[in-house]
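Chemist: give the three-dimensional model of this entry:
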Amino acid sequence: MPGERRLQVIAVAALAGIAISVYLTLTHYQALPLACPSGGIVDCGLVTQSRYGVIPGTAAPTSLLGVAFFAGALALVQGRRLALLTAWCAAGLLVVLYLVYVELAVLRHLCEWCTVAHALVLAMLLLAISRWQSAALANRTAGP
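Modeler: Next up, the predicted model:
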């Protein structure tokens, strides 16, 4: 995939992540029902309404962190800050790994909306690494 195309895909993934995160934030503040199964291992309501569904020490949902993360990634794509974008996505993946641990080991339930957002973070990181490496290789082969 050409480098420019990778950045476009990252931008689309960031927009999708913003949409999901805004949706989850609205359901938190508006007390709207989530479009998600409940009662089995997949139970978005149980996950998002748990004590892990809010930023520690606040009443703000963790989905607000998602809005900030995806908006930040979109800004970095638009600014063509490849190294910073890669580091940003790597930091995002660390948060995702913690949240997935909480879902699987602590809550023993999954949120499918959260899982899609988590997958977007992973995909964005892989694309960012690939784009950054191809840009670095192009710079090395271009020579002085």
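Chemist: go through the host helix or strand of Gly92 and flag the buried ones.
Modeler: Assessed by DSSP states H and E, Gly92 sits inside helix 82-101. For helix 82-101, a neighbour-count test (16 or more other CB atoms under 10 Å) marks 82, 84-86, 88-89, 92-93, 96, 99 as buried. For every residue, glycine as well, the C-beta is placed using N, CA and C.
Chemist: so which elements touch it?
Modeler: Using 3 or more CB pairs under 8 Å, 6 or more residues apart in numbering; DSSP states H and E, the elements in contact with helix 82-101 are helix 63-78, helix 112-142.
Chemist: the longest one - what's its average pLDDT?
Modeler: In this case it means helix 112-142. Average pLDDT, helix 112-142: 86.
Chemist: again, but for stretch 13-24
Modeler: For stretch 13-24, the mean per-residue pLDDT is 98.
Chemist: tell me the buried residues in it?
Modeler: Buried, per 16+ other CB under 10 Å, within stretch 13-24: 13-14, 17-18, 20-21, 23-24.
Chemist: now distance to Leu32 and secondary structure too, for these, in a markdown table please.
Modeler: Shown next, in a markdown table, are the buried residues of stretch 13-24 (distance: CB to CB, whole Å; DSSP: H, G, I helix; E, B strand; the rest coil):
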| residue | distance to Leu32 | secondary structure |
| --- | --- | --- |
| Ala13 | 25 | helix |
| Ala14 | 24 | helix |
| Gly17 | 19 | helix |
| Ile18 | 18 | helix |
| Ile20 | 14 | helix |
| Ser21 | 15 | helix |
| Tyr23 | 9 | helix |
| Leu24 | 10 | helix |
